[in-house]
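Asker: What shape does this take:
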Amino acid sequence: QSDKCSAGKCVGTALNCDDGNPCTTDSCSSGKCSSAFANGASCASGKGKCSALGCLDLNGLRVYIPAGNFWMGCNAALDNYCAVDEKPQHEVVLSAYWIDRLEVSMGEYTKCVSASKCTKPYTDGKTDSYYPWGIAAKVNYPATGVTWAQADGYCKWLGARLPTEAEWEKGARGGCETLPAGSKCATTMRVYPWGTASPNCNLAEVNYGCGDGPMMNVGSKSAGQSPYGLQDMAGNASEWVADWYGETTYTSAKVSNPKGPSSGSMRLTHGGSTNGDVKSVRCSGRDSRQSTSTHYSVGFRCAADIK
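Answerer: Numbers count the residues shown, from 1 in each chain. Sure thing, here's the model as predicted:
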């Protein structure tokens, strides 16, 4: 949206600027706020750098997600595919955190294996396998074929962790501050990372590879990125999150920084995958798996606390 300028400054808060980015040093140009990302201003209280990709950490790999609220779960008024375990929709407040802009690639995971800090992912050993481990042409595919513990171990090797379910969902659909000024957050939240339009092969790697193979390199569908610039939050690989699965979790969810049940028999994955459909790649879509299971379509990304 366009903001008015007054004495060379934007009228209103930075998040009301046309780009919606979380930097606070925007400037005026032709009656609109222009992002400070272009000039490398600092963000996240000096712990990150602004760029065209968002407010990234100093290594340029993770995106800063500001503290604030969002509505978690499924709103039947906006979404025809609400499942029982996605309801009720409820407001959640999260502290600020970092989350990977991209899914962890097989090349990145291989570095951990080479350092003897991670174990090898599952592979069926076929040269044309859907599992990317050991296939040079698939080094930039998502690191799939890993158990929940392998994903968790990789993140910890980097001094990070798996995102909670709430952190993952906020990263995918955006917080209330990413919506146009004056919007009612509960009734305007995005169904998919890009909005409410159904997925297609320009936005996400879905429907068994969109005819171009079982998966794609991480970050290949930038048109479908989330409001924070996170890519592949719908499709490509489904992603492990930290939480145990609970069918009725949302009926008693903690409002501030929820972490799910304290124990369980299944772990959660989010985001759908290359073999997913319209329903599975929604931001609120939940799937559960045995934590010791592996699949060629299940990968992960890491998150980290603000320190």
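
Asker: how close does residue 160 get to residue 242?
Answerer: 11 Å (Cβ to Cβ, to the nearest Å). For the C-beta atoms, the positions are set from N, CA and C on the backbone; glycine is no exception.

Asker: next one: residue 132
Answerer: Look at residue 132 and residue 242: by Cβ to Cβ, they are 24 Å apart.

Asker: Using CSV, write down the CA coordinates of the longest strand belonging to the chain.
Answerer: In the chain, with assignment by DSSP state E, the single longest strand is strand 238-244. Coordinates of each C-alpha in strand 238-244 appear next as CSV, following Å, rounded to 0.1, in the frame of the first residue of the first chain:
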residue,chain,number,x,y,z
SER,A,238,7.1,-32.0,4.0
GLU,A,239,9.0,-30.9,7.1
TRP,A,240,9.5,-32.3,10.6
VAL,A,241,8.7,-29.8,13.4
ALA,A,242,9.6,-30.1,17.1
ASP,A,243,6.2,-31.0,18.5
TRP,A,244,4.6,-34.3,19.3
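
Asker: What pairs with that strand, parallel or antiparallel?
Answerer: strand 267-270 (antiparallel), strand 298-299 (parallel) (DSSP bridges).

Asker: Show me the shaky parts of the stretch 101-250 of the chain.
Answerer: 208-209, 211-213 (pLDDT under 70).

Asker: Turn the strands paired with strand 238-244 into a markdown table, including mean pLDDT.
Answerer: Shown next, in a markdown table, are those (pLDDT from 0 to 100):
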| stretch | mean pLDDT |
| --- | --- |
| strand 267-270 | 98 |
| strand 298-299 | 98 |
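
Asker: so where do the helices sit in the stretch 151-300 of the chain?
Answerer: 165-173, 185-188 (DSSP state H, counting those that start in this stretch).

Asker: if you compare those helices, which one is most tucked away?
Answerer: helix 165-173 (a mean of 26; mean count of other Cβ atoms under 10 Å).

Asker: by contact count, what packs against that helix?
Answerer: Contact here means 3 or more Cβ pairs under 8 Å, 6 or more residues apart in numbering; DSSP states H and E; on that basis helix 165-173 packs against strand 62-65, strand 68-72, strand 90-94, strand 97-100, strand 238-244, strand 267-270.
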